[in-house]
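Asker: Generate a structure from the sequence data that follows.
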Amino acid sequence: MSIYVGNLSYDVTEADLNEVFAEYGTVKRVQVPTDRETGRMRGFAFVEMGSDAEETAAIEALDGAEWMGRSLKVNKARPKESKGSFGGGNRGGYGGGGGGGRNRY
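Answerer: I've put the predicted structure just below:
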């Protein structure tokens, strides 16, 4: 399981997060997603700890804590939702459905 850490300063690094979460146990991994276009941090991260007890201790201590001028949002990460079909769909490489005009099949 991993921990979701939200409302982060855009200046936060993986090393910063590793240091803070290490106070509550072994940090196995830190992921800091970045925007594909700008390369800028997206304001949230995921942290994996060594055990469930360590994760729980970190969540209880850090959720709502003030850090780098922000009030952190820290909780258990939810599983990634699959990106299923939400209408439209790609038809033979010519774009989604709807909208009249020339639909090529």
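
Asker: all contacts plus neighbour counts: C-alpha atoms, from now on.
Answerer: Fine.

Asker: Which residue ranges of the protein form helices?
Answerer: Residue ranges of the helices in the chain, as given by DSSP state H, are 14-21, 52-62.

Asker: Next, format those as JSON lines and append mean pLDDT, mean neighbour count and distance to residue 41.
Answerer: Shown next, in JSON lines, are these (pLDDT from 0 to 100; neighbours: other C-alpha atoms under 10 Å; distance: least, C-alpha to C-alpha, whole Å):
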{"stretch": "helix 14-21", "mean pLDDT": "97", "mean neighbour count": "15", "distance to residue 41": "11"}
{"stretch": "helix 52-62", "mean pLDDT": "97", "mean neighbour count": "17", "distance to residue 41": "20"}
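
Asker: want to throw the ones you listed into TSV with distance to residue 33?
Answerer: Listed next are the helices of the chain as TSV, based on distance: least, C-alpha to C-alpha, whole Å:
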stretch	distance to residue 33
helix 14-21	10
helix 52-62	20
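
Asker: Show me the strands in the protein, by range?
Answerer: For the chain, the strands defined by DSSP state E occupy 3-6, 27-31, 44-49, 66-67, 70-71, 73-76.

Asker: Nearest to residue 55, out of these?
Answerer: Closest of the strands of the chain to residue 55 is strand 44-49, at 5.7 Å (criterion: C-alpha to C-alpha).
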